[in-house]
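Undergrad: Got a sequence here, can you build the structure:
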Amino acid sequence: MQTLKLLWNHTWPPLLALSTTPLVWTLGLAALGGGWWSLLALLLVPALVLLSLLFAQRGAEGPDSQGQHADVRRGRLPAGLWWLETPDERLPGGTYEPTVWRTYTLFGWYACALYWLGWRNQLHGLGFSFRKRLSVPWSLRRGYFRNAEGLWWARLGLGPLPFELKLGWRQYIVQGELWAVPCCTVTRV
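TA: As a prediction, this is how the structure comes out:
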């Protein structure tokens, strides 16, 4: 109960900075009284990504951030659409993940990029604009963690369900630097 109370007192700023899971984002904004706005955003972001992909710049073939699938052409959205992209992975997305790779092999580059930015990683670039330096990596185990800078990270199981709730300042490594980015997401274990 103490952990939940602590989370309640520290959760809202990261929640406001957007989620990586559209359903959690929608529920979070709905809880803040923005139900219609959150539903609109849930539907609007994939449409914006779909339109933005028409202007995507596809470059040379190269590996994803994990060094896999070097035969995939990588790309970016135009510079003004940075807030729609993932700062740590070029398009069509993280092909190191089985679902993303399957989407790419079955439906191609554009469908994979739409899945990556329009559903799975909505507005990561915008969330990354709120980043803070992280001096020490977070633990990968479940629990509640707080560092000397006042940043916190919670990774909680959802009872018997095969999912975890992740809240707080998630770590990202972008161009070799460790960052903390506001996050609220549910992931499969």
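Undergrad: can you give me the helices in the chain?
TA: Ranges of helices within the chain are 2-16, 22-31, 35-53, 98-107, 109-115, 124-128, based on DSSP state H.
Undergrad: neighbours around the spatially closest residue to V45 that is not a sequence neighbour, how many?
TA: Once flanking residues are discounted, V45 sits nearest to Q122: 4.8 Å by CB to CB, 6 or more residues apart in numbering. Glycine gets a C-beta too; all of them are placed from N, C-alpha and C. Neighbourhood size, Q122 [other CB atoms under 10 Å]: 25.
Undergrad: Kindly report the same for L54.
TA: What L54 shows, counting by other CB under 10 Å, is a neighbour count of 7.
Undergrad: Also L158?
TA: 11.
Undergrad: got the contact list for it?
TA: Contact analysis of L158 by CB atoms under 8 Å, 6 or more residues apart in numbering lists E164, L165, V186.
Undergrad: P98 versus that one, what's the distance?
TA: 22 Å (CB to CB, to the nearest Å).
Undergrad: Give me the pLDDT for the residue lying closest to R146 once chain neighbours are set aside.
TA: For R146, ignoring the flanking residues on the chain, the nearest one in space by CB to CB, 6+ apart is W152 at 4.4 Å. pLDDT, W152: 92.
Undergrad: Same question for the one 5 residues further on.
TA: G157 carries a pLDDT score of 92 in this model.
Undergrad: who does it bridge with?
TA: E164 (DSSP bridges).
Undergrad: how long is stretch 137-150 end to end?
TA: 14 Å (CA to CA, to the nearest Å).
Undergrad: now do stretch 104-117
TA: 13 Å.
Undergrad: Which residues does it contact?
TA: Contacts for stretch 104-117 (CB under 8 Å, 6+ apart): 46, 49-50, 52-53, 56, 58, 72-73, 75, 77, 84-86, 89, 91-95, 100, 103, 124.
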